[in-house]
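Asks: give me coordinates for this.
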Amino acid sequence: MKRFLLLTITIVCVVMLIPVSCNRYEKEIADCESGSIEDCHKLGEIFVVKKDYSKALKYFEMSCAEGKGNIQGCYAAGLYYRTEKDSLQDYKRSAKLLKIGCDNNHGKSCNTLGMLYLE
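Replies: Numbers count the residues shown, from 1 in each chain. Have a look, this model is predicted:
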């Protein structure tokens with residue numbers, strides 16, 4: 001599956017003649033899709049810097065892995081769902097992600113979850 005994904009991305013990049021931008025995060029994306037929590041979190045951070053928040057959210061949620069992964073990813077995704085003003089604002093999803101972080105002793109998650117309950 002991993003090889004197929006890499007091959008597909010490479011073919012698309014060659015056909016579209018934009019190899020530099022396609023190959024930039026090819027390895028991290030393939031590794032994340034294969035279950036690498038660290039690469040998922042790294043991609044989330046990369047896409048925050050690039051201001052592509054929907055992709056950042058996707059990778060932060062993947063890194064959270066329902067509490068079995070990166071707790072910082074749970075916090076980042078929960079915070080995003082809480083503060084977004086567009087159609088992605090979702091207090092229930094935010095509370096679920098923040099609770100995962102809080103249950104794993106992440107102080108910022110507990111604090112933000114408490115503030116969410118007060119709203």
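
Asks: how about the helices of this structure, start to end?
Replies: In the chain, the helices defined using DSSP state H lie at 2-16, 19-23, 26-33, 37-49, 53-64, 71-83, 91-103, 107-118.

Asks: low-confidence regions, this structure specifically.
Replies: For the chain, residues meeting the criterion pLDDT under 70 lie at 1-23, 66-67, 85-86.

Asks: please redo it, this time with the cut-off set to 90
Replies: 1-27, 34-35, 53-54, 65-70, 83-90, 117-119 (pLDDT under 90).

Asks: mean neighbour count added to the helices of the chain, as a markdown table?
Replies: C-beta: built from backbone N, CA, C; applies to glycine. Output for the helices of the chain, formatted as a markdown table (neighbours: other CB atoms under 10 Å):
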| stretch | mean neighbour count |
| --- | --- |
| helix 2-16 | 12 |
| helix 19-23 | 11 |
| helix 26-33 | 17 |
| helix 37-49 | 19 |
| helix 53-64 | 21 |
| helix 71-83 | 23 |
| helix 91-103 | 20 |
| helix 107-118 | 15 |
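
Asks: can I assume E28 is in contact with L43?
Replies: Yes - assessed by CB atoms under 8 Å, E28 is found in contact with L43 at 5.4 Å.

Asks: for the nearest residue to E119 once chain neighbours are set aside, what are its contacts?
Replies: Spatial nearest neighbour of E119, chain neighbours left out: Y91 (7.7 Å); criterion: CB to CB, 6 or more residues apart in numbering. Taking CB atoms under 8 Å, 6 or more residues apart in numbering, we find Y91 in contact with 81-82, 116, 119.
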